[in-house]
Structures are given as structure tokens and as C-alpha cells.
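Peer 1: here is the input, now give the coordinates:
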Amino acid sequence: MGPTMLALALAVLAWVLVVGDLVRRHRPAWHWYAVGYVVTASRVVLTWRKVVMLNDLAISRRPPRGLLGDLMVKGEPLRPVAPRISFPRATRMGLTVTVQLHAGQTPATYMKAADAFVHAWKVHAVRVTSPERGLVLLTAMASDPLERPGLATAPTELLSALIGALETGGAWVMNLRVVPHWLIVGATRSGKSTLLARLITQLAPQPVALVGIDCKGGMELGLFAGRLSALAACRREAVAVLSALVIDMQDRMSVCRTAGVRSIWELPDKLRPVPVVVIVDEIAELYLSDGTRESKAEAEQCSTLLLRLAQLGAALGVHLVVAGQRVGSDLGPGVTALRAQLGGRICHRVNDPGTAEMALGDLNKDAVAVAQAITAEERGVAVCTGPDGGWSRARSHLTPTEEAVSSARKHAAITPELPALGRALAALEGEGK
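Peer 2: Take a look at the predicted model:
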């Protein structure tokens, strides 16, 4: 090859590398289908037998002869047999592999080997699910889909809020009609407050009453006071608001009983009371006590009232969204009872494993490990549960405080009035004077 041809070949190679890098950065899906999938699928096929053998996922079948009881005296050596897999199927920025389990194997053994697959295939993560008995589905993601999740879309429904994007690329939606109560945990600067701002922004245009309980003096939820039907800024006010909500809930029971229905959603539109969403920021402030009799009484009242709302509120249009940095049994037995009623769970980065265990441990142990792996740089990333009982990593859309406050002011005119709550807070102010 002459100097001219060599220079031309090098120029073409440099051009291909430059174009490939541009495509990888600006059109990652194109680059994945053209190059990444081929390379990763080859790794899956070539390393499968070695990986399963090193992680005890292969079984050894006895030779047809040469055995005396359980003692092998003659014959061929035992040969491990790897589980059969399908050819890797490409997905957007990933691939899936279906594994046919050997008799006696369970998906749990593959979950333990997930990290081994990650390193062998050089991918970002591998999720293990079981779509049906005897099969395991390995879903490999080439890169973190939540690094730049994009803006997901979802149809607008009453009591439904588009929070962000799921790891799968779908929309992350909190639908209170499907999952009526939610628990949100996360350390400082993990994205918890941003998620609450996003939730309020999504619910503000809807014909629902928003009630805020923020015992940090209303510093967080007070920004949206114009759209809140009531705001409790201390525990004493929280007791009054929660008591009024329980009384209102009993009135709703009477209406349903008179009409012969089991839910307010079965009532005619003219008789149906407005749905109420109670947002509690920092649940620990309601449960902690300084040891005085009055403080203990208030904490017990809050615990009892929240539990009643959670147990009875779903059919009566009263929904709870409870958030906190630290949620554990050390706050009192009432927290564990309340958690059992909060079917929806969202866990951001936390400072202690106990909080992640409290939020997700009773639903899925693997979700706890994934939640604990969230780093401080991944603000807004969380592990959330779905209506089907599964879980997924997700990231909330960034909603600046100014945008959330502007939305609350814009829709302040449609804020429903809850007379019982207004009277309770007014009576409390009268007592203070």
C-alpha cells in the first residue's frame, strides 16, 4: 500500500470515528442498534456458559453408566450443563435474554448473579424478572436511561399526576385512584421536595382539594398556600386539621350509606364530595415527642388520626401522600401500622439502610438494594412501586420552585373550600388569643 492509499485509509478511519462519536452522543439509540447491540449480544453468547458455571447456575448430569451408588468408579467426568437461553433481543438502549430454568432452580439465584452479568457483558445494569413459571427474563441496559430521561407524556386523568420517567422509558405516573396512599422517603437534597413540587403542580389544575401538613413552620408547603385548602404549620394545627378531616370523612360515609353505595365514585356528580389529597412533609415531626405529657398526647393523636384516614379514606376520596427523611420503627408503633396502609412507595437516596428497608423491604428485597445504590449525584432518582406490585427505577422531572409556585397561584381561584377545616383552624387561633 502506497503512502497515498495509507493516508486515505487513515482519513477514512478518522472520519468514521468522528461520525461514530457524534452519533453516539447525539443519537445514542442509533448507535446502539448499529454497533452496541451487536457487540453486547456477542458478549452474551460467548460468555454465557462461563458465567453460569462460575456462579453455580449450571447443573451436572450423571453419566449413563459407571456409577456404584453415589460413587463414580468408571466413566466420563461429570459435565455441567448450562441453562438454555434465547438469542438476545434488542430493545431501546438494551437487550433481553430469556432463560429456561433447570428443574429446582428459582429466579433468586439469578438475582444474586446479576452483578456478574453486568461485568461480563459490560452493561450498566441487569434486571431479573420471571414472566412465567420456569422462565427468567434478563433485561440488560447499556447505559443509565435516567441520566437524560427526557420528558415523558401521559393522558390527563383526575387524581393522576405525571411525575417523571421510568427506567424503561415509560411515564412515571402517580394515580391516586389506583393506589390511594403513598409513602415518599429521601435524604436531604435527594429530590424529595422536587417530587412534591411536581405533584402539586400536576394536581393544581384539577378539581381536588389539597391539604398541607408541614410542621417545619410551613417552609416547604407554605409556598403553595394559595392552592391549599388548609395548611398546618405545627403539630397542634395538624391535630386540628386531621380531626376535621376525620369528621368530614364520617359525613362522607353517611352520604354513601344513604345513597346505598360503597364509594363516593358511585355517587351522582351532584352528590359527590370533592376529593382531598393530604400532603404531609416530614412525617417524623408528627411522631417525635419531647417527653412532656402534652407532646406525647399530640403525637398519639396524629398517629391515630393518620391511621384512620389511611384505613378508610380510599373509598371516600381522601388520599395521603406522606414524605419524610427518616421513617423507621423508632418513631413509634404507629409508623409501622401507617406504612402498611400506604401501598405506593417511593425511595430516593437515604442515609441509612433502615429507611430503605422500611419503605421497600416488605414489598421486594431487591428494590432495597437498588435504592441503597443511588448516589448523591443522582438527584431525583428513586425506586418506585407500580400498581402491579413490581418496582422500577425512575426520575422525577425537574420542576423549579418558581414554576410550582406560579402554577399554585395561577389555579388559586379553583381552590375548593373545606368549611370544617377552616372552622378547626379558626377555633385554634381563637384559643391562642
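Peer 1: what's the weakest-modelled helix or strand in this protein?
Peer 2: Every helix and strand in the chain was compared by mean pLDDT, DSSP states H and E; the lowest is strand 67-68, with a mean of 50.
Peer 1: residue boundaries of the helices in the protein?
Peer 2: 3-26, 28-31, 37-54, 107-112, 114-121, 192-203, 235-259, 284-287, 293-312, 333-341, 353-360, 365-372, 401-410, 419-432 (DSSP state H).
Peer 1: now render these as CSV, adding distance to L162 and mean neighbour count.
Peer 2: For every residue, glycine as well, the C-beta is placed using N, CA and C. Below are the helices of the chain laid out as CSV (distance: least, C-beta to C-beta, whole Å; neighbours: other C-beta atoms under 10 Å):
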stretch, distance to L162, mean neighbour count
helix 3-26, 26, 10
helix 28-31, 22, 15
helix 37-54, 30, 16
helix 107-112, 30, 17
helix 114-121, 30, 18
helix 192-203, 6, 24
helix 235-259, 26, 18
helix 284-287, 29, 20
helix 293-312, 24, 17
helix 333-341, 25, 18
helix 353-360, 22, 22
helix 365-372, 22, 20
helix 401-410, 13, 16
helix 419-432, 28, 13
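Peer 1: could I get the phi/psi values of the closest residue to A41 other than its chain neighbours?
Peer 2: Of all residues not flanking A41 in the chain, P88 sits nearest, at 4.2 Å (C-beta to C-beta, 6 or more residues apart in numbering). Note on P88: its backbone torsions stand at phi -60, psi 130 [degrees, to the nearest 10].
Peer 1: quick one: Q250 from V322, how far?
Peer 2: According to C-beta to C-beta, to the nearest Å, Q250 and V322 sit 22 Å apart.
Peer 1: from V128, how far out is C384?
Peer 2: From C384 across to V128, the span is 18 Å (C-beta to C-beta).
Peer 1: look at those two and report which has more neighbours.
Peer 2: Neighbours around C384 and V128, counted as other C-beta atoms under 10 Å, are more numerous at C384. The numbers are 28 against 19.
Peer 1: which residues touch R423?
Peer 2: Going by C-beta atoms under 8 Å, 6 or more residues apart in numbering, R423 touches A244.
Peer 1: cool, and P268?
Peer 2: Applying C-beta under 8 Å, 6+ apart, no residues qualify as near P268.
Peer 1: how about the one 4 residues further on?
Peer 2: Taking C-beta under 8 Å, 6+ apart as the contact definition, R272 lies against I264, W265, G317.
Peer 1: out of those, which are buried?
Peer 2: Using 16 or more other C-beta atoms under 10 Å as the burial test, these include I264, G317 as buried.
Peer 1: right, and S190 touches V350 too?
Peer 2: Yes - counting by C-beta atoms under 8 Å, S190 does reach V350; the two are 7.5 Å apart.
Peer 1: and the residue lying closest to A114 once chain neighbours are set aside, how many neighbours?
Peer 2: Nearest residue to A114 in three dimensions, chain neighbours excluded: V126, at 4.8 Å (C-beta to C-beta, 6+ apart). Using other C-beta under 10 Å, the number of residues around V126 comes to 22.
Peer 1: on that earlier part again, dump the contacts of R272 to CSV, plus pLDDT and distance to D281.
Peer 2: Formatted as CSV, the contacts of R272 follow (pLDDT from 0 to 100; distance: C-beta to C-beta, whole Å):
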residue, pLDDT, distance to D281
I264, 94, 26
W265, 93, 28
G317, 94, 21
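Peer 1: in the sheet, who's paired with the residue nearest to the spatial centre of the chain?
Peer 2: The residue lying closest to the centre of the chain (C-alpha atoms, centre = their mean) is C384, at 1.1 Å. For C384, the beta-bridge partners are I346, S392 (DSSP bridges).
Peer 1: for it, list the residues it contacts.
Peer 2: With C-beta under 8 Å, 6+ apart, C384 has these contacts: L166, W172, G344, R345, I346, C347, W391, S392, R393, A394.
Peer 1: between those residues, which is nearest D290?
Peer 2: C347 (28.8 Å; C-beta to C-beta).
Peer 1: tell me how far that closest one lies from M141.
Peer 2: 20 Å.
Peer 1: and the two? Which one has more around it.
Peer 2: C347 (29 against 21).
Peer 1: distance of Q100 relative to H124?
Peer 2: 25 Å.
Peer 1: for the two, indicate the residue with more neighbours.
Peer 2: Remark: of Q100 and H124, H124 carries more neighbours, 16 against 12, as counted by other C-beta under 10 Å.
Peer 1: my read is that the more buried one contacts M141, right?
Peer 2: Yes - the pair H124 / M141 is scored as a contact, 4.9 Å apart, by C-beta under 8 Å.
Peer 1: wait, which of the helices of the chain is closest to A209?
Peer 2: Taking C-beta to C-beta, helix 419-432 is the member of the helices of the chain nearest to A209, at 8.7 Å.
Peer 1: contacts only, for A233.
Peer 2: D214, C215, G217, G218, G222.
Peer 1: quick check on it: phi, psi?
Peer 2: Per degrees, to the nearest 10, the backbone of A233 is at phi -100, psi 0.
Peer 1: what's the neighbour count on the nearest residue to A140 once chain neighbours are set aside?
Peer 2: In space, and not counting its chain neighbours, A140 is closest to V123: 4.5 Å by C-beta to C-beta, 6+ apart. Neighbourhood size, V123 [other C-beta under 10 Å]: 21.
Peer 1: how near is V123 to I184?
Peer 2: The gap separating V123 from I184 is 30 Å, by C-beta to C-beta.
Peer 1: do you know how far R395 is from L231?
Peer 2: The value you get for R395 to L231, if C-beta to C-beta is used, is 29 Å.
Peer 1: more crowded one of those two?
Peer 2: Higher neighbour count among R395 and L231: R395, with 27 against 20, using other C-beta under 10 Å.
Peer 1: OK, contacts around the more buried one?
Peer 2: Taking C-beta under 8 Å, 6+ apart, we find R395 in contact with L146, P149, G164, A165, W172, E378, G380, V381, A382.
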